[in-house]
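Enquirer: Turn this into a model:
(one chain, ligands or ions: 1)
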Amino acid sequence: MKKLTIIYSLIIYFLLSYTCPCNAQTFKSEPISKDFLITMKEGNTWSENAIVPANRLRLLTIGHIDFQGNQQIGQMIVLDVCEEAVLTIFKELYKRKFPIHQIKPMHHYQGDDHAALAANNTSCYIDRNIIGSTKKSVHAYGLAIDINPVQNPFVTMDEKTGIATYDPTASIAYANRMLARLGKATRAGMAEEVINIFAENGFYWWGGYWDTPIDYQHFQVSSMFAQLYLAMNPQEAKQTFKEVSRYYNIHQQPIEEKLLEELKQTGEEGSLVDYYKKDKKWFATCFNKLTRPKK
Ligand SMILES: [Zn+2]
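Expert: I've put the predicted structure just below:
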């Protein structure tokens with residue numbers, strides 16, 4: 001009896017002292033509440049003119065390890081289609097102890113991208129244009145994620161002068177992209193380590209693949225699919241997102257080009273969303289041909 005009491009006490013002790021942040025409360029998705037939406041509006045990240053309506057956005061709670069090895073809890077806003085995929089990505093990063101400095105929605109920086117980068121903030125959603133363009137960024141769809149900007153710079157190149165500019169400034173220390181260097185400590189928090197985790201979960205376009213600018217911190221869904229997911233109802237969009245990810249995982253290739261090739265057989269030019277809006281049946285025929293081929 002005494003032995004049993006000791007065993008029970010030990011079990012209770014471990015249950016109380018060990019609370020794994022990898023539980024349902026730490027990783028969760030919820031709709032944007034009215035109060036939260038006001039905070040976003042006041043923080044310059046969402047307005048009634050935003051391309052994504054508030055009911056298509058989700059607030060994620062994400063557990064992560066910081067650079068000091070401490071467990072932290074962050075928040076991220078994403079489009080509904082990728083809520084599960086993004087939680088899977090960050091659970092995997094947590095499992096691998098991949099350090100992330102902090103994860104805060106952009107209203108903490110009044111929507112100021114430079115301020116968020118300087119604070120080494122990891123984030124996703126903000127209704128804004130591509131820097132230096134009038135086109136909406138994929139961040140405005142809640143389908144682009146920037147991780148550890150200090151470890152993963154945004155590099156712009158002046159083609160006339162050959163001068164490269166690093167944003168944030170502190171990211172110059174990570175201009176050299178080698179993880180391990182002779183005589184130097186191995187570095188952590190660099191995007192190269194986690195490209196596959198993002199890619200396997202639908203975020204297979206990485207800014208580190210670009211020529212100019214090079215955006216090492218940036219993982220995204222293609223803008224043509226971002227537009228399509230918004231045109232579809234949430235259920236159809238979610239299913240399509242899953243199929244697109246599955247196609248990438250089977251073929252290790254993006255589906256975008258192949259799908260456009262199929263769609264173009266009508267002889268008409270257009271974007272994915274143009275084809276979808278014009279003829280949903282034709283779109284489904286082409287999409288299913290690639291994602292559910294007959295054996
Ligand atoms: Zn970005």
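Enquirer: contact partners of stretch 64-72?
Expert: Here stretch 64-72 makes contact (CB atoms under 8 Å, 6 or more residues apart in numbering) with 21, 63, 73-74, 90, 93-94, 97-103, 188-189. Just so you know, the C-beta spots here come from the backbone N, C-alpha and C atoms, and that holds for glycine as well.
Enquirer: Got a PyMOL select line for the buried ones in the residues you listed?
Expert: To isolate the buried ones among the contacts of stretch 64-72 in PyMOL, judged by 16 or more other CB atoms under 10 Å, type:
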select buried, resi 63+74+90+93+94+98+99+100+101+102+103+189
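Enquirer: Could you identify the least confident member of the contacts of stretch 64-72?
Expert: Across these, the bottom pLDDT score, 55, is held by Pro21.
Enquirer: For the contacts of stretch 64-72, work out which two are farthest apart.
Expert: Spanning the widest gap among the contacts of stretch 64-72 are Ile73 and Ala188, at 19.7 Å by CB to CB.
Enquirer: which bits of the stretch 51-200 of the chain sit near the ion?
Expert: Neighbours of the ion within the stretch 51-200 of the chain, by CB under 5 Å from the ion: Ala144, Asp146.
Enquirer: does the residue in the stretch 1-150 of the chain positioned nearest to the ion have beta-bridge partners, and which?
Expert: Relative to the ion, the nearest point of the stretch 1-150 of the chain is Asp146 (4.1 Å; CB to the ion). With DSSP bridges as the criterion, Asp146 is bridged to Ser123, His218.
Enquirer: where along the stretch 51-200 of the chain do the helices fall?
Expert: Under the criterion DSSP state H, counting those that start in this stretch, helices of the stretch 51-200 of the chain are mapped to 83-95, 113-118, 195-200.
Enquirer: Dump those helices into TSV; add distance to Leu179 as well.
Expert: Below are the helices of the stretch 51-200 of the chain laid out as TSV (distance: least, CB to CB, whole Å):
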stretch	distance to Leu179
helix 83-95	16
helix 113-118	21
helix 195-200	12
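Enquirer: Asn49: which of the ones you listed is closest?
Expert: Checking the helices of the stretch 51-200 of the chain against Asn49 by CB to CB gives helix 113-118 as the closest, at 18.8 Å.
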